[in-house]
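Enquirer: Quick one: sequence plus predicted model below, questions after.
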Amino acid sequence: MTATDITTTQRPILNSTTASKRRRSLRIADSLVVVGLVVSYLTSSSVLLHALVSLSWSAAVGWHFWLHRKWFKSLARRLARGRSRKSRASAFVTAAISVELSAVVIFGVVAWLGPRSLKGFHGTLGDILLAVAVAHILLNLRQLTALVRRRSTVIDRRFRGASTSAQRGYAAGKAASHTQGAAKVEFLASTPVEQELQVEIDSEERVTIFHGPDAVMEACPDDDFTMTVPASSDIIEKVFARGPVEATRTTGRPHCFGCSQERGDGLGITTTPVGASGIWGSTWTPDETLPSTGGFVDDEVIWAALDCPGSFVATSPTGTSAEATGSPSLDAISVQILERVRIGEQLAVVGWTLSREDSGVDCGTAVIDRRGEIKAYAHLCLSISDANTPHGL
């Protein structure tokens with residue numbers, strides 16, 4: 001995919017209060033569905049009680065479906081794009097549950113009021129529904145188990161942005177690793193390094209990272225995220241022609257994994273304007289010391305590479321001058337990784353301004369190979385504070 005093949009869709013930032021309420025609602029709905037199914041079977045000997053429980057359970061399932069409507073739409077899109085067997089199986093089970101739910105409600109009422117011969121058919125439908133529900137639980141075991149327990153993770157000090165907190169691009173990639181496809185991450189506080197973080201995943205693949213009792217960031221799938229990358233082939237050639245850019249100004253981030261050139265174990269990506277094009281860029285060649293799997297750098301590293309180029313653009317008053325004003329802090333980021341990056345591959349990393357307001361700056365960034373093919377792109381929302389404020393805090 002080349003720079004001109006993508007169209008732009010602006011996405012809103014997550015609201016942490018709304019997300020928290022949604023998680024509570026999802027937990028309640030999921031619990032009611034499971035408990036209702038069990039109680040419905042335990043009361044099957046009493047026609048009246050069983051009918052009342054079944055109708056209540058049906059209402060809980062309907063609420064459950066309503067709360068998960070966005071997940072179902074996402075599942076349908078993945079199915080249309082020919083995604084994994086698990087997606088196809090989940091879609092089949094979801095459709096089966098919908099059909100069975102309707103049938104059980106209809107025949108439950110008929111069996112209660114109608115002839116005795118229909119009661120056996122109602123029981124058979126109930127048995128089928130139980131089997132389908134078990135299959136649904138098994139297919140979504142990771143999300144469902146996360147409702148009753150949390151996972152933990154630790155971000156190594158190597159991936160810091162400030163002295164004690166993680167580089168936000170890398171931290172966002174860590175949160176997004178629990179989702180599939182494009183993802184959006186919002187930061188609620190700084191993410192500490194070398195400390196245990198709790199990972200909570202709900203049934204819609206919404207991820208919340210906690211440090212102690214406090215949420216530090218939230219991630220969710222963002223299948224609709226697309227963006228125009230305005231860097232032409234001529235600009236990309238100029239970026240490759242001049243090679244890696246040495247820092248021409250003090251970034252205030254000597255510890256940063258993404259852009260510090262004072263470290264020997266970071267990415268060292270420092271971008272500068274490419275003429276008067278409004279594009280900032282530099283080259284980057286991932287080395288073998290970076291986290292990788294099968295010769296490809298881990299996705300978290302790509303998220304990290306997409307972070308700092310936006311900060312350089314955001315702190316330029318005009319978007320074309322290397323002079324800096326203020327200190328940037330990443331508030332939210334959406335990333336789409338189109339193709340994995342190989343160790344030793346020569347790449348161009350570019351950034352540009354999307355919009356600029358008093359409250360902050362929206363930037364776009366991308367990683368592009370020598371053929372002009374886009375490997376990944378991002379939409380960053382940054383706030384600009386006093387120049388003495390450390391990056392990422």
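Expert: It's in.

Enquirer: Asp331 contacts Ser383, correct?
Expert: Yes: the pair formed by Asp331 and Ser383 meets the contact definition of Cβ atoms under 8 Å, at 5.6 Å. Bear in mind the C-beta positions are built from the backbone N, C-alpha and C, glycine included.

Enquirer: quick one, which of the two is more surrounded?
Expert: Asp331 (18 against 15; other Cβ atoms under 10 Å).

Enquirer: What residues are bridge-paired with Ala166?
Expert: Ala166 has these beta-bridge partners by DSSP bridges: Arg160.

Enquirer: could you list every residue that touches it?
Expert: Neighbouring residues of Ala166 by Cβ atoms under 8 Å, 6 or more residues apart in numbering: Ile155, Phe159, Arg160, Lys174, Ser190, Thr191, Pro192, Val193, Gly392.

Enquirer: could you redo the last one with a cut-off of 10 Å?
Expert: 155-160, 172, 174, 190-195, 197, 216-217, 257, 304, 392 (Cβ atoms under 10 Å, 6 or more residues apart in numbering).

Enquirer: same thing with Tyr170?
Expert: Each residue near Tyr170 by Cβ under 10 Å, 6+ apart is listed here: 155-156, 158-161, 191, 193, 256-258, 267, 291, 298, 300-305, 307.

Enquirer: Report the buried members of the residues you listed.
Expert: Buried members of the contacts of Tyr170, counted by 16 or more other Cβ atoms under 10 Å: 155, 158-161, 191, 193, 256-258, 267, 298, 300-305, 307.

Enquirer: Looking at the residues you listed, which are in helices?
Expert: Glu300, Val301, Ile302, Trp303, Ala304, Ala305, Asp307 (DSSP state H).

Enquirer: Do I have it right that the first one meets Ala175?
Expert: Yes: between Glu300 and Ala175 there is a contact at 9.4 Å, judged by Cβ atoms under 10 Å.

Enquirer: surely Arg157 meets Thr164?
Expert: Yes: using Cβ under 10 Å, Arg157 is in contact with Thr164, at 8.7 Å.

Enquirer: who has more neighbours, those two?
Expert: Thr164 (17 against 14).

Enquirer: got a pLDDT number for the more buried one?
Expert: We have a pLDDT of 90 for Thr164.

Enquirer: Tell me the bridge partners for Val350.
Expert: Beta-bridge partners, per DSSP bridges, of Val350: Gly281, Ala366.

Enquirer: who are the neighbours in contact with it?
Expert: With contacts defined as Cβ under 10 Å, 6+ apart, Val350 is in contact with 3, 229-231, 235-236, 239, 271, 274, 277, 279-282, 309, 313, 364-368, 374, 377.

Enquirer: Just to check, Glu165 is in contact with Ile155?
Expert: You called it Glu, but residue 165 is Ser. Yes: using Cβ under 10 Å, Ser165 is in contact with Ile155, at 9.1 Å.

Enquirer: Now do the shared contacts for those two.
Expert: Common neighbours of Ser165 and Ile155, using Cβ under 10 Å, 6+ apart, are Ala171, Thr191, Pro192, Val193.

Enquirer: what does the average pLDDT come to for stretch 225-244?
Expert: Mean per-residue pLDDT for stretch 225-244: 89.

Enquirer: Would you mind measuring the gap between the ends of it?
Expert: 29 Å (Cα to Cα, to the nearest Å).

Enquirer: try stretch 152-159
Expert: End-to-end for stretch 152-159, by Cα to Cα: 17 Å.

Enquirer: what's in contact with it?
Expert: For stretch 152-159, using Cβ under 10 Å, 6+ apart, the contacting residues are 163-167, 169-171, 173-175, 177-178, 191-199, 209-210, 255-258, 263, 265-266, 289-291, 300-301, 304.

Enquirer: 6 Å instead, please
Expert: Stretch 152-159 is contacted from outside by Ala166, Gln167, Tyr170, Val193, Glu194, Glu196, Leu197, Gln198, Val199, Phe257, Asp265, using Cβ atoms under 6 Å, 6 or more residues apart in numbering.

Enquirer: Tell me the secondary structure at the closest residue to Glu262 other than its chain neighbours.
Expert: Leaving aside its chain neighbours, Glu262 sits nearest to Pro254 (4.9 Å; criterion: Cβ to Cβ, 6 or more residues apart in numbering). Pro254 falls in the coil class when you classify it by DSSP: H, G, I helix; E, B strand; the rest coil.

Enquirer: Would you mind confirming that Pro254 is in contact with Gln261?
Expert: No: with contact defined as Cβ atoms under 6 Å, Pro254 does not reach Gln261; the gap is 9.1 Å.

Enquirer: Among the two, which residue is more densely surrounded?
Expert: Legend: neighbour count by other Cβ under 10 Å for Pro254 and Gln261, higher for Gln261 (17 against 14).

Enquirer: where's the more buried one relative to Asp156, distance?
Expert: From Gln261 across to Asp156, the span is 20 Å (Cβ to Cβ, to the nearest Å).

Enquirer: Please apply the same query to Leu380.
Expert: For Leu380, the distance to Asp156 equals 23 Å [Cβ to Cβ].
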